[in-house]
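In: this one's structure only:
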């Protein structure tokens, strides 16, 4: 089966592009918007609409496969590619990539993905968002050509054993960390709440007191709203480097605080993502290793999750090799081709490091569905409910796609 035609269309994502630098510098909310000047190159405002591009591959038999190009909410910082705007990148896809695709045989996702993930124009690789959406479309196209699920194609080409158990789903509240936590508890999210602790003054507290109060509230809320005795979700908090800011990047002071957090969270397991942002990959690894050693030495019941400066497959392998975290967030759009997400999850698992197949609220329903298929084949410890920050929508998209594929797999096993 060959590719007959390739089409593109502009679209919206499930959230927004946010200028992380401006937010960390105390840009203030004005309703859903932010007040202040953007600080990251390419941004026209601190918060602006998220954009996507759909790539549609038409097969010889008329079937249509598609994937969505999307970039993370906090684009253009911490080593990531710049802001992704549809108007700028659709011409590149149509003029430079489409001619290379038409007429190609859809016999191997892995080969096609690796080829186009490494495709260069004037010596430069494509924007991560293009590589992300294009490889999604290629996986869907190969699956349609072979009349299989995308999960089966990944498992077959990477020699993985399929299982019909769901993968734990991690949900994120955004700034509505109280109301949205209720949604998570009522719908029995496996891992929660993310909480978006991206500002010391407003959200963490100068001494971390606001987050401590929130964790206590969250634990009490689970007890009040749960309708099954054995429901005990993992608490996963993303602090966006604010612990380093509040505690002067002092590992002893940060460990003291993490110990208090873990005590308040009991009996829930606790994961803390991005405790500091050290300004470079090398320094981030060094600081994460020191803090991890402190936590382990003191027997503190918390898992440290790497995010900042851990963007590409190369980054992830380095963090794993250096044992710089207990869990690695594999932020799917940042890795470009979804073949890299597959390799990253498998590398973490092979080396005994937790794999969190993440992403961003700023994706689309299509990229989320494709990511479900990757997770069902590779079996990370958790995957993100996405897109958006409303909880219900992202959880529905991911949960329903997961259950559909699992049902198909069970039926085919007879």
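Out: Ah, there it is. Predicted model only: the values in this text are computed from it and were never measured.
In: tally of neighbours for residue 40?
Out: By the criterion of other CB atoms under 10 Å, residue 40 has 18 neighbours. Using the backbone N, CA and C atoms, a C-beta is placed for each residue, glycine as well.
In: let me fix that, I meant to ask about residue 282.
Out: A count of nearby residues for residue 282, using other CB under 10 Å, gives 11.
In: now do stretch 124-131: distance to the chain's middle.
Out: In terms of CA atoms, centre = their mean, to the nearest Å, the centre of stretch 124-131 is found 17 Å from the chain centre.
In: ditto for stretch 334-350
Out: Worked out by CA atoms, centre = their mean, stretch 334-350 lies 12 Å from the chain centre.
In: report the buried residues of that stretch.
Out: Neighbour-count burial for stretch 334-350, counted by 16 or more other CB atoms under 10 Å, picks out 334-349.
In: so what touches it?
Out: In this structure, residues lying in contact with stretch 334-350 by CB atoms under 8 Å, 6 or more residues apart in numbering are 72, 80, 109-110, 113-114, 116-117, 125-126, 128, 131-132, 134-136, 139, 154, 158, 311-313, 316-317, 320, 328, 330, 332, 354-355, 357, 370-371, 374-375, 377-380.
In: among the residues you listed, name the buried ones.
Out: By 16+ other CB under 10 Å, the contacts of stretch 334-350 give 72, 80, 109-110, 113-114, 116-117, 126, 128, 131-132, 134-136, 139, 154, 158, 311-313, 316-317, 320, 328, 330, 332, 354-355, 357, 370-371, 374-375, 377-380 as buried.
In: select from these every entry located in helices.
Out: 109-110, 113-114, 116-117, 128, 131-132, 134-136, 139, 154, 313, 316-317, 320, 370-371, 374-375, 377-378 (DSSP state H).
In: re earlier: which one among the buried residues of stretch 334-350 gets closest to residue 150?
Out: When the buried residues of stretch 334-350 are ranked by distance to residue 150 (CB to CB), residue 338 comes first, at 9.6 Å.
In: could you measure from that closest one over to residue 143?
Out: Taking CB to CB, to the nearest Å as the measure, residue 338 and residue 143 are separated by 13 Å.
In: go through the buried residues of stretch 334-350 and name the one nearest residue 37.
Out: Using CB to CB, those come closest to residue 37 at residue 334, 25.7 Å.
In: does residue 119 touch residue 127 like I think?
Out: No. Look at residue 119 against residue 127 with CB atoms under 8 Å: they stay out of range, at 11.4 Å.
In: which one's more surrounded, the two?
Out: Neighbour count, other CB under 10 Å: between residue 119 and residue 127, residue 127 has more, with 19 against 16.
In: just the element for residue 11, please.
Out: Using DSSP states H and E, residue 11 sits in strand 3-18.
In: sheet partners, orientation included, of that strand?
Out: Paired neighbours of strand 3-18 in the sheet (DSSP bridges): strand 47-59 (antiparallel).
In: buried stuff in the strand it pairs with?
Out: By neighbour count on 16+ other CB under 10 Å, the buried set for strand 47-59 is 47-48, 50-59.
In: JSON lines for the residues you listed, including pLDDT and distance to residue 405?
Out: Below are these laid out as JSON lines (pLDDT from 0 to 100; distance: CB to CB, whole Å):
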{"residue": "47", "pLDDT": "95", "distance to residue 405": "34"}
{"residue": "48", "pLDDT": "95", "distance to residue 405": "34"}
{"residue": "50", "pLDDT": "96", "distance to residue 405": "26"}
{"residue": "51", "pLDDT": "97", "distance to residue 405": "28"}
{"residue": "52", "pLDDT": "98", "distance to residue 405": "23"}
{"residue": "53", "pLDDT": "98", "distance to residue 405": "25"}
{"residue": "54", "pLDDT": "98", "distance to residue 405": "21"}
{"residue": "55", "pLDDT": "98", "distance to residue 405": "22"}
{"residue": "56", "pLDDT": "98", "distance to residue 405": "21"}
{"residue": "57", "pLDDT": "98", "distance to residue 405": "20"}
{"residue": "58", "pLDDT": "98", "distance to residue 405": "24"}
{"residue": "59", "pLDDT": "98", "distance to residue 405": "21"}
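In: of those, which is the nearest to residue 172?
Out: Of the buried residues of strand 47-59, the one sitting nearest to residue 172 (CB to CB) turns out to be residue 50, at 15.0 Å.
In: wait, the closest one sits on residue 362?
Out: Yes. Using CB under 8 Å, residue 50 makes contact with residue 362 at a distance of 4.4 Å.
In: can you list residues touching both of those two?
Out: Overlap of the contact sets of residue 50 and residue 362 (by CB under 8 Å, 6+ apart) consists of 13-17, 70, 73.
In: check pLDDT for the residues you listed and point me to the minimum.
Out: Lowest pLDDT among the shared contacts of residue 50 and residue 362: residue 73, with 87.
In: pull the number of nearby residues for that residue.
Out: Counted with other CB under 10 Å, residues neighbouring residue 73 total 22.
In: got phi/psi on the residue nearest to the spatial centre of the chain?
Out: Nearest to the mean C-alpha position of the chain, by CA atoms, centre = their mean, lies residue 359 at 1.6 Å. With angles defined as degrees, to the nearest 10, residue 359 sits at phi 140, psi -140.
In: and it, what pLDDT?
Out: Here the pLDDT value assigned to residue 359 is 95.
In: that one reaches residue 368, doesn't it?
Out: Yes. Proximity of residue 359 to residue 368 meets the contact threshold set by CB under 8 Å, at 7.5 Å.
In: pLDDT weak spots in the stretch 251-400 of the chain?
Out: Per-residue confidence for the stretch 251-400 of the chain (pLDDT under 70) gives no ranges below the cut-off.
In: quick one: the strands in it?
Out: With DSSP state E, counting those that start in this stretch, the ranges of strands along the stretch 251-400 of the chain come out as 270-273, 303-306, 327-330, 354-357, 382-384.
In: out of those strands, the one nearest residue 206 is which?
Out: strand 270-273 (18.0 Å).
In: show me what that closest one is packed up against.
Out: Helices and strands touching strand 270-273, as assessed by 3 or more CB pairs under 8 Å, 6 or more residues apart in numbering; DSSP states H and E, comprise strand 234-238, helix 251-265, strand 303-306.
In: what's the closest of the ones you listed to residue 385?
Out: The closest of the helices and strands packed on strand 270-273 to residue 385 is strand 234-238. By CB to CB, the value is 11.8 Å.
In: which helices and strands sit right next to the biggest helix by length in the chain?
Out: Ranked by residue count, the top helix of the chain under DSSP H comes out as helix 392-413. Packing partners of helix 392-413 (3+ CB pairs under 8 Å, 6+ apart): helix 150-157, strand 169-170, helix 179-186, helix 365-378, strand 382-384.
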